[in-house]
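Chemist: build me a model:
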Amino acid sequence: PFSYDPYVELFNSRTRPAFDELGAARSLAQMVVDAVLQRERAARLIQFASRGESPLTLSETIDALTASWSGATSNESRKNAALRRVAQRAVADRLLLLAADKEAAPEVRALVELKMDALRKRAKNLSSGGAEMERAHWTAIAADFARWLERQELPSPTPALRPPPGDPFGIDW
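Modeler: Model (predicted):
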């Protein structure tokens with residue numbers, strides 16, 4: 001368009017003037033994870049688990065979101081490892097916020113804390129090996145989960161960058 005300035009990036013960045021690829025990935029991951037683990041949706045998964053033959057449960061949902069929590073693979077590129085860590089961090093932050101959400105159903109909070117305890121142990125094990133960024137990533141997640149589980153103290157997660165308005169990425173704010 002006439003007024004388009006190709007040097008103006010609508011996406012916020014922590015790496016200006018370069019495009020923040022990890023910031024964009026984090027925003028997208030956070031949008032997806034927040035929708036999947038939304039408080040009322042989590043409560044419905046708990047409530048509907050007692051109905052039908054084999055309904056999707058909150059436990060299965062969290063397990064699916066954390067299936068990649070096994071550390072880096074030897075053939076994984078550094079870029080893919082960084083993107084995987086970004087998505088894992090988005091899940092960890094959402095679990096923390098859901099556990100601390102006073103409006104969430106008590107069953108939701110209890111199950112999330114149970115899952116967080118198992119994930120804390122897994123993260124602690126993963127923090128003892130691998131590349132430096134992997135160890136830092138898992139150490140931070142294990143510490144954040146421990147802070148909540150042991151002291152009910154919510155860490156201050158770095159918020160995802162605000163996505164630009166409209167398609168294909170975000171919604172109009």
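Chemist: and the pLDDT at the residue nearest to residue 128 when sequence neighbours are not counted?
Modeler: Nearest in space to residue 128, with sequence neighbours left out and distances taken as C-beta to C-beta, 6 or more residues apart in numbering, is residue 135 at 7.3 Å. From N, CA and C alone the C-beta is placed, and that goes for glycine too. Confidence at residue 135, expressed as pLDDT, is 95.
Chemist: ramachandran angles for residue 135?
Modeler: Main-chain dihedrals, residue 135, degrees, to the nearest 10: phi -60, psi -40.
Chemist: test my guess that residue 89 contacts residue 26.
Modeler: Yes - using C-beta atoms under 8 Å, residue 89 is in contact with residue 26, at 7.1 Å.
Chemist: put the alpha carbons of the helix ranked longest in the chain into PDB.
Modeler: In the chain, assigned by DSSP state H, the helix with the most residues is helix 78-100. Extracted C-alpha coordinates of helix 78-100, given in PDB (Å, rounded to 0.1, in the frame of the first residue of the first chain):
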ATOM      1  CA  ARG A  78      20.000 -25.500  17.600                       C
ATOM      2  CA  LYS A  79      17.100 -23.500  16.100                       C
ATOM      3  CA  ASN A  80      14.700 -26.400  16.700                       C
ATOM      4  CA  ALA A  81      16.000 -26.900  20.200                       C
ATOM      5  CA  ALA A  82      15.400 -23.200  20.900                       C
ATOM      6  CA  LEU A  83      11.900 -23.300  19.500                       C
ATOM      7  CA  ARG A  84      11.100 -26.400  21.500                       C
ATOM      8  CA  ARG A  85      12.300 -24.700  24.700                       C
ATOM      9  CA  VAL A  86      10.100 -21.700  23.900                       C
ATOM     10  CA  ALA A  87       7.000 -23.900  23.600                       C
ATOM     11  CA  GLN A  88       8.000 -25.800  26.800                       C
ATOM     12  CA  ARG A  89       8.300 -22.600  28.700                       C
ATOM     13  CA  ALA A  90       4.900 -21.400  27.500                       C
ATOM     14  CA  VAL A  91       3.400 -24.600  28.900                       C
ATOM     15  CA  ALA A  92       5.300 -24.300  32.200                       C
ATOM     16  CA  ASP A  93       4.100 -20.700  32.700                       C
ATOM     17  CA  ARG A  94       0.500 -21.500  31.900                       C
ATOM     18  CA  LEU A  95       0.600 -24.400  34.400                       C
ATOM     19  CA  LEU A  96       1.900 -22.100  37.100                       C
ATOM     20  CA  LEU A  97      -0.800 -19.500  36.400                       C
ATOM     21  CA  LEU A  98      -3.500 -22.200  36.400                       C
ATOM     22  CA  ALA A  99      -2.300 -23.600  39.700                       C
ATOM     23  CA  ALA A 100      -2.400 -20.100  41.200                       C
END
